[in-house]
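Trainee: pasting the sequence and the predicted model now:
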Amino acid sequence: MSSKKINIVTLGCSKNVVDSEKLLKQLSAGGYEVVYNSDDISVNTVIINTCGFINDAKEESIDTILRYVKAREAGHIENLYVMGCLSERYLDALKHEIPEVKRYFGVNNMSDVLNELGVKLRNDLLTDRTLTGPGHYAYLKISEGCDRTCAFCSIPLIRGKYISRPVEELVKEASLLAEKGVKELILIAQDLSYYGLDIYRKQSLTSLVSELLKIESLEWIRLHYLYPANFPMDLIPLIKKNPRICRYIDIPIQHISNKMLGLMRRAHDGTETKSILNKIRDEIPGTAIRTTLIAGHPGETEEDYNELKNFISEFRFDRLGVFPYSHEEGTYSYNEYKDEIPDDVKESRVAELMEIQQNISAELNKSLIGKMLKVIIDRKEGEFFVGRTEYDSPEVDQEVLINDQYDLVPGNFYNVLITQSADFDLYGKPVSNS
Ligand code: SF4
């Protein structure tokens with residue numbers, strides 16, 4: 001067992017991945033040998049970066065901690081640390097319930113973690129990261145926290161108020177990523193729309209994207225999570241004139257009924273939501289619009305649910321995710337409403353909405369047969385190369401499968417002729433390098 005070898009295990013969303021990548025960089029600069037999500041049992045120390053957003057995520061985090069507690073008891077590892085959203089949210093309970101963990105840290109505590117491991121924080125490396133993905137795409141976290149007051153959401157309780165990172169710092173980080181070979185930069189935050197309001201007193205996402213576009217080797221810039229209210233409209237002309245900004249808008253609407261959006265304490269009603277969505281579709285035709293919904297939030301009657309269902313069928317989102325409502329301690333919904341909708345009703349609403357989306361997706365995919373699309377290859381899997389178009393983000397969206405008889409290179413772009421479609425996937429053959 002090497003006393004200088006650390007395994008960082010990351011759960012949850014891409015924001016956690018970025019936090020782990022920054023920690024990996026600092027630890028290796030501090031003399032540690034670091035591995036990531038590894039099964040290697042020759043490590044001395046394991047750090048688990050947890051997620052504590054909703055029930056399923058919490059369970060997965062706790063199961064993982066318990067698994068490593070067992071590994072420690074069996075003598076495979078010596079030190080077990082836990083950091084991230086779960087320990088930020090439930091610090092006292094975790095210390096009490098799982099005392100085998102040597103120390104718990106919350107979010108934004110990188111210097112404390114480093115101190116514990118005898119490493120001094122290197123300020124000169126704060127914009128640098130050890131990439132853990134395939135290397136041709138990377139996430140850029142442009143802010144921490146969230147200033148919105150959505151009734152169901154625990155994020156502001158965990159991650160605090162919105163703090164934008166300055167444009168210069170983000171451009172520096174993005175340039176370093178580009179130098180490492182990143183071709184697709186994926187901007188993430190709890191809410192991209194809000195970016196800049198705290199530090200520049202004005203919404204500044206469009207200026208940030210304009211600056212990032214100056215890094216020429218970034219072929220694709222993708223934007224995730226644009227809150228519908230105060231959608232930065234000045235982004236639309238920038239997208240229209242820049243083919244390097246993916247025709248992909250991820251705008252989580254959560255619901256469409258005015259009553260439900262009111263209960264959810266969202267800052268947009270159904271009419272405003274539709275108007276923004278229609279404007280995006282009218283002004284940037286061909287853009288893939290992705291959204292997420294919550295089914296079974298307290299107060300959702302059959303009538304509200306039907307309104308949502310009809311809207312989904314009519315608007316025909318290109319990409320859609322639906323989550324059953326999770327009653328989270330400390331949120332407004334938890335304090336003010338009863339979790340009155342039975343789990344089986346929530347689940348059946350989720351399943352029905354996804355079935356509608358499956359049909360829409362199958363039709364949209366079928367219409368792409370015979371079209372030529374630019375595809376970035378993410379990996380080889382079994383007998384296929386697996387790639388994506390600009391209309392799809394890694395991990396969450398559909399993929400393009402290409403038979404491995406072709407000589408393709410992961411990380412490269414190809415023009416691919418779509419030959420076949422499935423509900424949530426496409427098949428194609430490469431025609432030329434892009
Ligand atoms: S905008 Fe998103 S992260 Fe912020 S409170 Fe609402 S749902 Fe949560």
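Mentor: Received the coordinates, thanks. Residues are numbered from 1 along each chain as shown.
Trainee: which non-adjacent residue is nearest Ile312?
Mentor: In space, and not counting its chain neighbours, Ile312 is closest to Ile356: 5.5 Å by C-beta to C-beta, 6 or more residues apart in numbering. In short, each C-beta sits where N, CA and C put it, glycine included.
Trainee: could you confirm that neighbour falls within a strand?
Mentor: No. Counting by DSSP: H, G, I helix; E, B strand; the rest coil, Ile356 falls outside a strand, being helix.
Trainee: average pLDDT across stretch 39-53?
Mentor: Mean pLDDT, computed over stretch 39-53, is 86.
Trainee: what do you get for stretch 239-255?
Mentor: On average, stretch 239-255 scores 97.
Trainee: the residue nearest to Ile312 contacts Ser313, doesn't it?
Mentor: Yes. The pair Ile356 and Ser313 passes the contact test of C-beta atoms under 8 Å, sitting 5.7 Å apart.
Trainee: how about the residues of the stretch 201-350 of the chain near the ligand?
Mentor: Within the stretch 201-350 of the chain, the positions adjacent to the ligand are Tyr227 by C-beta under 6 Å from any ligand atom.
Trainee: repeat for the stretch 51-200 of the chain
Mentor: So the stretch 51-200 of the chain meets the ligand at Cys146, Arg148, Cys150, Cys153, Ile155, Pro156, Gln190, Asp191 (C-beta under 6 Å from any ligand atom).
Trainee: can you put the residues you listed in a markdown table and add pLDDT?
Mentor: Listed next are those as a markdown table, based on pLDDT from 0 to 100:
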| residue | pLDDT |
| --- | --- |
| Cys146 | 96 |
| Arg148 | 95 |
| Cys150 | 97 |
| Cys153 | 96 |
| Ile155 | 91 |
| Pro156 | 93 |
| Gln190 | 94 |
| Asp191 | 95 |
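Trainee: contact partners for the residue nearest to Ile312?
Mentor: Lys309, Ile312, Ser313 (C-beta atoms under 8 Å, 6 or more residues apart in numbering).
Trainee: look up phi and psi at whatever residue of the stretch 251-400 of the chain ends up closest to the ligand.
Mentor: The ligand sits closest to Pro252 of the stretch 251-400 of the chain, with a gap of 6.8 Å, by C-beta to the nearest ligand atom. Backbone torsions for Pro252, taken as degrees, to the nearest 10, come to phi -70, psi 110.
Trainee: so it touches Tyr225, yeah?
Mentor: Yes. Contact criterion C-beta under 8 Å: Pro252 and Tyr225 qualify, at 6.3 Å.
Trainee: can I see the domain layout of this protein?
Mentor: 2-125, 137-366, 372-433 (automatic domain parsing).
Trainee: and these as TSV, adding distance to Leu131?
Mentor: Converted to TSV, those look like this (distance: least, C-beta to C-beta, whole Å):
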stretch	distance to Leu131
domain 2-125	6
domain 137-366	6
domain 372-433	12
